[in-house]
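Participant: Model the following, please.
(chains A and B)
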Amino acid sequence: MSALTKLKADIAKAIKKLTGQEVEPKTLTLSSTRKEFEGDYTLLVFPLARYFGKSPEEVGKLIGEELKASSTVVDDYNTIKGFLNLSFAPEYWTDTLTAINTTENFGKGAPKDKRVMVEFSSPNTNKPLHLGHIRNILLGWSVSKIMDAAGYEVITTQVVNDRGIAICKSMLAWEKWGDGITPENSGKKGDFLVGDFYVKFNTEFSKEYSDWQTSKEAEAVFKNQNEIQDKAKFFDEYKNNYFNEYSKLGSEARQMLLKWENKESETMELWKNMNSWVLNGFDQTYDKLGVHFTKSYFESDTYILGRSIVEEGLKKGVFYKEKDGSIWVDLTDANMDKKIVLRSDGTSLYITQDIGTAELRYKDFNTEKMIYVVGDEQEYHFKVLFEILKRLERPYASDMYHLSYGMVELPTGKMKSREGKVVDADDLINQMTLEARANAEEKGIIDGSSDKERNEIYRKIGMAALKFFILKVNPKRRMIFNPEESVDLQGQTGPYIQNAYVRIKSIMRKAEGTYDFNDISGYKDFNSHEKNLITTLSSYPNTIQQAAEEYEPSAIANYVYDLAKKYHKYYSEIRILGTEDKSARNFRLALSYSVAQILKSGMDLLGIEMPERM
RNA sequence: GGUCCCGUAGCUCAGCUGGAUAGAGCAACUGACUUCUAAUCAGUAGGUCACAGGUUCGAAUCCUGUCGGGAUCACCA
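Facilitator: Next up, the predicted model:
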């Protein structure tokens, strides 16, 4: 039991003694005292005044007096209006620090005996990962780390969309214009190579389309409609119809998809090859980002799943059949629409697949809780999916969450990979490392280490800047990313937090062998920074639980920044190694050590590594 | 049109289970490196918390409505 929980129990006891009223300790509001006031923690007495029938100020005095007499934690008190400010005994601070210092993995929650799956990334195999994926991947990875720290057992997965018309476009373009090029013979990263052909297809297709627009056939199409008068505007919107009805390239791509579905060997061969190039490229990017998956699922395996569950649901009466044979679910009573779950020709849809994959994962891993990290444009889809699974009475249906996040846009608008208008993940990662290096070289620090070590440090700093930049923001917010304005390395950033850690590491190296963490109790004259830091440290476990409950990496990011900021301030005012009094010096080193541990641990929850020097 | 998300300093964002005078960073200006790493610290300046009502001893926070931005409402994924 932490000292604060004990204090709350003491307060409840005091109230009981004074009024006879039973109060649930956890309903008490206890927060750290604002720095303008005297005291360490503050109890809000407004809500308690009614039990006493006296003014909040008087009530504060009564409780304060009682606590001073009965609680071992409380040394003194003062009241201002309805705020009861409590000052703690010196032992509280040293004991708390020692407890933090000696607890292994301080902050980690007790095992919850529940397995949670986090699905994220889920890329298409026709182009490289881009900035949008980065937000997804960082969120997913961080949430999985946070869940783990909160006490869950975590499984990470991705569903790779490796089939469909998009990949056929790349395949077709490679066949037509590729001239046998491969990642091996060209030295180009596989996902970029395939992505180039995807763009190539689309530029060729656009050419074909604009040529067609002057043909008689096109004239006729335009005349046969009278919804849009402006010709250019009409053809702008007609592009998809053209692809499906008139385009030569479109028909070739569709034929390729048909061949793939019929598993024709030549097509399968090409498909397998190109997919392996892309997946290989993805693995390199994942490595750089430091993420990995317990298991990857492939849509080419899962796209037919879900049908048997639909059949089962039909029998149960959850679904119904239309005259044409298509199967539907009516969700109007849950304030949603009717939704098709199986086509009239018996084939699966996106939602059918998702029903099937959920079931498959449950069977594979026995996950009773599932988190899907997917963009907010799919909110409705997941609302429907979760409702369907509930009606099908799946055992995991009660604990499903769609972690939805806002789109990442460029200043010029949305990214369009078809037009090659994207910020590639790899480019961004490299750019960040270069940025970190340029910054370091300008400052002329990090000397004495080898090139290899230095590059490793630059990588860690660059990645920290990028990851923190993205994770500190509430996922729901849309974000506009300007590649021209580089990500900051100063201020509220990843490197700022790394710097606090590095400073401590430097102190610890210098102090090596000259201190004893067990000998701190002689120190009693704590300054406000020290109390403040210990208070912040002791709230770490709570922060983790809250971040897990709310699926909110930004809560951790803000916490870690706050801690680093407080430490930087402390560092600038107190000369730790120069402390004369022995137990004070030990205390300060112990405190610094704990701060470093928690900074490292918290950053790890964001997927950010710490350098030992920078 | 229905539903959901967002709106806080010039910019990027915290704060939202109601509590004391709304906080950071960036950008601007001023100061601090012979002293544990200045990717730091201290300071100046910057606010009708989109707007209007309501609940409350107390509202950026809760409720209702309005406005602005975005998403979504396919036998696409």
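Participant: so the residue in chain A that RNA strand B sits nearest to, which of the three states?
Facilitator: Nearest residue of chain A to RNA strand B, counting by Cβ to the nearest atom of the strand: A:G491, 2.2 Å away. C-beta: built from backbone N, CA, C; applies to glycine. Look at A:G491: counting by DSSP: H, G, I helix; E, B strand; the rest coil, its state is coil.
Participant: Tell me which helix or strand the residue nearest the centre of chain A sits in.
Facilitator: The structure's chain A has its C-alpha centroid closest to A:L139; by Cα atoms, centre = their mean the separation is 1.6 Å. Per DSSP states H and E, A:L139 falls inside helix A:131-150.
Participant: pLDDT score for A:E245?
Facilitator: Note for A:E245: predicted pLDDT of 88.
Participant: A:R254 versus that one, what's the distance?
Facilitator: 11 Å (Cβ to Cβ, to the nearest Å).
Participant: what does A:V384 give?
Facilitator: Distance, A:V384 to A:R254, by Cβ to Cβ: 28 Å.
Participant: Which one's more surrounded, these two?
Facilitator: Neighbours per residue (other Cβ atoms under 10 Å) separate A:V384 from A:R254, with A:V384 holding more: 19 against 16.
Participant: anything in the helix holding A:L139 near RNA strand B?
Facilitator: No - counting by Cβ under 7 Å from any atom of the strand, no contacts exist between helix A:131-150 and RNA strand B, the nearest distance being 11.1 Å.
Participant: per-residue confidence averaged over that helix?
Facilitator: For helix A:131-150, the mean per-residue pLDDT is 96.
Participant: which residues in the stretch 251-400 of chain A form strands?
Facilitator: For the stretch 251-400 of chain A, the strands defined by DSSP state E, counting those that start in this stretch cover A:295-298, A:319-321, A:327-330, A:338-342, A:369-375, A:400-405.
Participant: can you list those strands in a markdown table and add mean pLDDT and mean neighbour count?
Facilitator: Below are the strands of the stretch 251-400 of chain A laid out as a markdown table (pLDDT from 0 to 100; neighbours: other Cβ atoms under 10 Å):
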| stretch | mean pLDDT | mean neighbour count |
| --- | --- | --- |
| strand A:295-298 | 96 | 16 |
| strand A:319-321 | 94 | 16 |
| strand A:327-330 | 94 | 18 |
| strand A:338-342 | 93 | 18 |
| strand A:369-375 | 95 | 22 |
| strand A:400-405 | 94 | 20 |
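Participant: of all the ones you listed, which lies closest to A:K390?
Facilitator: Proximity to A:K390 (Cβ to Cβ) singles out strand A:400-405 among the strands of the stretch 251-400 of chain A, at 8.7 Å.
Participant: can you list contacts of the closest one?
Facilitator: A:135-136, A:139-140, A:143, A:358, A:369-376, A:378-379, A:382-383, A:385-386, A:389, A:475-476, A:551 (Cβ atoms under 8 Å, 6 or more residues apart in numbering).
Participant: wait, is A:P611 part of a helix?
Facilitator: No - per three-state DSSP, A:P611 lies outside any helix segment and is coil.
Participant: State the distance from it to A:L289.
Facilitator: 17 Å.
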